[in-house]
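> here is my input, please return the structure:
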Amino acid sequence: MEIIRVPEDVNRAIDSLVDYMQGMVTDGESWLLIGIANGGIALAGELQRRFATATGLQLPMGELNVSFHRDDIGSRPITRPKEPTRLPDEVHHRSVILVDDVIHSGRTIRAALDELFEHGRPKRVRLLTLVDRGHRVVPIQPDYAAISFDMDETRKLHVVIDPDDAHGNRIWVQSTQQGNEVGVLNT
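Numbers count the residues shown, from 1 in each chain. From the prediction side, this is the model:
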């Protein structure tokens, strides 16, 4: 197991996402904060909390389930019931901040956009991610990624955002080859 980041680094990275949001969200505009299941939901909740503390503005938050829009659904069937998409309000003509913990191939984001547009036509969509690990297969880029690095395909990246204890936030890497556990990343 390989540790890339410690909790203090992860919390600084989350704060940088909040700083980016402050430059983007204006008081007179109607924004929604939407986390992509699964990893984006906890991050969106943390961004909502920290943004409210920093600005006094409470952004409504929703959750997107992209399971039925995945392009690999035929080869990787859905094995257990998933939580449905929950949106706090209409997305039509609203500005949306889409949040995920990691962007890799871009396929999850493509599926999230398909799911989002089934619920309306947003005015604009911005994408924030905690980590960009590279290796895109579709041409989708985040508007802002707090941490970027190129990680080889034989390793799996894990992100934990603990909603109850910021000292529990961590990022670690694990080899996908049996017997070669790589490590824990704390930011």
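
> state the distance from the residue most central in space within the chain to A42.
The residue lying closest to the centre of the chain (CA atoms, centre = their mean) is D100, at 0.9 Å. Counting by CB to CB, to the nearest Å, the gap between D100 and A42 amounts to 11 Å. Bear in mind the C-beta positions are built from the backbone N, C-alpha and C, glycine included.

> what residues are shared contacts of these two?
By CB atoms under 8 Å, 6 or more residues apart in numbering, D100 and A42 have these common neighbours: G35.

> list the buried residues for stretch 148-156?
Under the neighbour-count criterion of 16 or more other CB atoms under 10 Å, stretch 148-156 has M151, R155 buried.

> now stretch 125-140
Those would be V125, R126, L127, L128, T129, L130, V131, D132, R133, I140, for stretch 125-140 by 16+ other CB under 10 Å.

> now these in TSV, with pLDDT and distance to N38?
Listed next are the buried residues of stretch 125-140 as TSV, based on pLDDT from 0 to 100; distance: CB to CB, whole Å:
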residue	pLDDT	distance to N38
V125	97	20
R126	97	21
L127	98	17
L128	98	16
T129	98	14
L130	97	13
V131	95	15
D132	96	18
R133	93	17
I140	96	19
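
> looking at those, which is nearest D150?
R133 (7.3 Å; CB to CB).

> for that closest one, what are its contacts?
Counted by CB under 8 Å, 6+ apart, R133 has contacts V102, I103, H104, S148, F149, D150, M151, L157.

> TSV for these, including distance to D165 and pLDDT?
Formatted as TSV, those follow (distance: CB to CB, whole Å; pLDDT from 0 to 100):
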residue	distance to D165	pLDDT
V102	21	96
I103	25	96
H104	27	94
S148	26	93
F149	25	85
D150	30	85
M151	26	84
L157	21	89
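
> need those in TSV with distance to V18, can you?
Compiled in TSV, the contacts of R133 are given as follows (distance: CB to CB, whole Å):
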residue	distance to V18
V102	18
I103	18
H104	23
S148	18
F149	21
D150	26
M151	25
L157	22
